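Q: Got a predicted structure here, sequence first:
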Amino acid sequence: MPVDRGKGAVTPEKKLLAGISVWRGSSGTSMSVSKLVESIRADVVVVGAGISGAFMAHALAGRYERVVVVDRRVPIHGSTSVSTAMLQFEIDQPLTKLGEKIGVHRATRAWRHSYRATQALVSLVHREGIRCGLERRHALYVAGEDMGARGLERESKARNRAGIPGEYLARPALNSKFGINRSGAILSSNSAIANPVQLAAGLLRRAAARGVRIYSPVNIEGVMATAHGVTLDTGQHFIEAKYVIFCTGYEVLKCLPKQGTKITSSWAVASQPHSSYPAWLDQTLLWEASTPYLYLRTTPDGRVIAGGEDEDVDLASYRSRSIERKSHRLAAKVKALIPGLSLNPTHKWTGAFGESLDGLPLIDAVPDMAGCFAVMGFGGNGTIYSVIAAQIVPRLMQGRTDGDANLYRFRD
Ligand SMILES: Cc1cc2nc3c(=O)[nH]c(=O)nc-3n(C[C@H](O)[C@H](O)[C@H](O)COP(=O)(O)OP(=O)(O)OC[C@H]3O[C@@H](n4cnc5c(N)ncnc54)[C@H](O)[C@@H]3O)c2cc1C
């Protein structure tokens, strides 16, 4: 049955970001973009040219003859441009807590999938030779208000039972290795960091080299889905396709079930290049078991990036006017956690953020819209969820059910 979602953007437009992100002016991010001057046909349309759309386009390139990416902004000018790009397999919800919510078996599968996807991301970047400052990192998850020593020790054992690497550090070991005075931590290997804008640009350029066309600015205002295909209305032209994948980030499709998800706000800062900090920070990213949590990483040119201070508010004006206050708080929290580390931020920024109750993304066919799929990579490791989406959606398009796809279905 045809479903006409009517005129007006199918995803409400938001002011997604404010301030000056550390990635602004990154080199190697240009790409060839076309203007949409007439109605066109495609096999697959990916709506959204952020990191989710980039992984998706890269995965589909060569599998379908006519793959098109459209974005109402310049590519990679949405949330991806403000990500701090900690590429962690560690899901926001600890394995033990996720187990209580969705059952141990499903939680274990979600953690294992996240681990595999993180390794797949690193391999893909190396295989494709994408220059995006990708470096392997250990991850240090330190005790906080949500989990103390006992909880972390239990979490570490649960992860090890699930085959996920990591070692529990009690206070003395944490203090002597890292100079951090918290009751415990989990130290793991095989996470990574990158420049998210260069990563997305590298993927989009490689997709384009394999025939994918990128159109911008193109605002999708209406969708009509029938058993014979999907028609997208841009207000001026139509795009007809067999499949449409909405990779629209925190500008969520109006018609989707949103139970258990919310759009919030997050802030981040970065220090100048060649800052002084403990040497271990260049091998280790850090986050804490608190809500909201503070997190830290460095860049290859020696900046420290810190982020967090999340608030359950989705108000662009509040986000912007809180940048100074939040920057001070982030710098103070960093100093309290790592004595002697003074951040004098040269970059301060904010962005809309997304959370789901279980910390898992939503990746699924859109209900009542044949041929349409949506990807919402909620949570602190949204980038890894973009990788997972690019594995799952192409299989769903072929009518195959991925073993883990049911972990990420719409929950209502
Ligand atoms: C401060 C901050 C720090 C973060 N740190 C991390 C981190 O360390 N690690 C991590 O993994 N994640 C992090 N994230 C989350 C990460 O930024 C997101 O998971 C990711 O950027 C989402 O990418 P996306 O491609 O889905 O969305 P976006 O990058 O927003 O791309 C979606 C695109 O869709 C387009 N679009 C929307 N609607 C339409 C329409 N109707 N028509 C045409 N185009 C449309 C938009 O213009 C946009 O360009 C952070 C987020 C914030 C705010």
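A: Nice, I can see it.

Q: what about the closest residue to Ile239 other than its chain neighbours, how many neighbours?
A: With Cβ to Cβ, 6 or more residues apart in numbering as the measure, Leu232 is the residue that lies nearest to Ile239, at 4.3 Å, once sequence neighbours are left out. Glycine gets a C-beta too; all of them are placed from N, C-alpha and C. Each residue near Leu232 was counted by other Cβ atoms under 10 Å, and the total is 26.

Q: Please shift the residue numbers so they start at 462 in all later answers.
A: Got it, the first residue is 462 from now on, which makes the last one we talked about Leu693.

Q: which element is Leu693 on?
A: With elements taken from DSSP states H and E, the one containing Leu693 is strand 690-694.

Q: in which helix or strand would I find the residue lying closest to Ala826 once chain neighbours are set aside?
A: In space, and not counting its chain neighbours, Ala826 is closest to Phe834: 5.5 Å by Cβ to Cβ, 6+ apart. Under DSSP H and E, the secondary-structure element containing Phe834 is strand 833-837.

Q: tilt between the strand holding Leu693 and strand 833-837?
A: Strand 690-694 and strand 833-837 are oriented at 60 degrees to each other (axes from the mean of the first three to the mean of the last three Cα atoms, to 10 degrees).

Q: residue contacts, Leu742?
A: Applying Cβ atoms under 8 Å, 6 or more residues apart in numbering, we find Leu742 in contact with 757-759, 765, 799.

Q: May I have stretch 669-681 as CSV, with CA atoms only?
A: Coordinates of each C-alpha in stretch 669-681 appear next as CSV, following Å, rounded to 0.1, in the frame of the first residue of the first chain:
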residue,chain,number,x,y,z
ALA,A,669,32.6,7.6,-5.5
ALA,A,670,35.6,6.0,-7.3
ARG,A,671,33.4,2.8,-7.5
GLY,A,672,30.5,4.7,-9.1
VAL,A,673,28.5,6.1,-6.2
ARG,A,674,27.1,9.6,-7.0
ILE,A,675,26.9,12.2,-4.2
TYR,A,676,24.4,14.9,-4.5
SER,A,677,24.3,18.0,-2.2
PRO,A,678,22.4,20.0,-1.2
VAL,A,679,19.4,17.8,-1.5
ASN,A,680,16.7,17.9,1.2
ILE,A,681,14.4,14.9,1.2
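
Q: tell me the mean pLDDT for stretch 560-580?
A: Across stretch 560-580, the average pLDDT comes to 97.

Q: Also stretch 664-676?
A: Here the mean pLDDT over stretch 664-676 is 98, rounded to a whole number.

Q: Now do the end-to-end distance for that stretch.
A: 15 Å (Cα to Cα, to the nearest Å).

Q: can you check stretch 559-568 too?
A: Across its full length, stretch 559-568 reaches 6 Å end to end, with Cα to Cα as the criterion.

Q: Those residues of the stretch 562-711 of the chain touching the ligand, which are they?
A: Residues of the stretch 562-711 of the chain lying close to the ligand (Cβ under 6 Å from any ligand atom) are 679-681, 708-710.

Q: mind running it again at 8 Å?
A: Taking Cβ under 8 Å from any ligand atom, the part of the stretch 562-711 of the chain that reaches the ligand is made up of 657, 661, 678-682, 707-711.

Q: Would you mark the buried spots in stretch 802-820?
A: Residues 802, 804, 806, 808-817, 819-820 are the ones in stretch 802-820 that count as buried (16 or more other Cβ atoms under 10 Å).

Q: same check, this time on stretch 734-750
A: Residues of stretch 734-750 classed as buried: 736, 738, 742, 745-750 (neighbour count, 16+ other Cβ under 10 Å).

Q: And it, how far out from the chain middle?
A: Using Cα atoms, centre = their mean, to the nearest Å, the mean C-alpha position of stretch 734-750 is found 21 Å from that of the whole chain.

Q: Which residues of the stretch 762-873 of the chain lie near the ligand?
A: By the criterion of Cβ under 8 Å from any ligand atom, the positions of the stretch 762-873 of the chain lying close to the ligand are 768, 810-815, 836-847.

Q: which residues touch the residue lying closest to Ser644 once chain neighbours are set aside?
A: By the measure of Cβ to Cβ, 6+ apart, the closest residue to Ser644 outside its immediate chain neighbours is Ala610, 4.0 Å from it. Under the criterion of Cβ under 8 Å, 6+ apart, the contact list for Ala610 reads 604, 631-632, 644-645.

Q: mind redoing it with 10 Å?
A: Applying Cβ atoms under 10 Å, 6 or more residues apart in numbering, we find Ala610 in contact with 604, 629-632, 635, 643-646.

Q: residue ranges for the strands of the stretch 562-711 of the chain, please.
A: Ranges of strands in the stretch 562-711 of the chain, per DSSP state E, counting those that start in this stretch, are 596-603, 628-631, 645-654, 674-676, 683-687, 690-694, 699-707.

Q: At which residues are the helices of this structure located?
A: Secondary structure of the chain, counting by DSSP state H: helices at 512-521, 556-563, 565-589, 610-622, 632-639, 657-670, 777-782, 784-798, 843-858.

Q: so which of these gets nearest Trp728?
A: Nearest of the helices of the chain to Trp728, taken as Cβ to Cβ: helix 784-798 at 3.9 Å.
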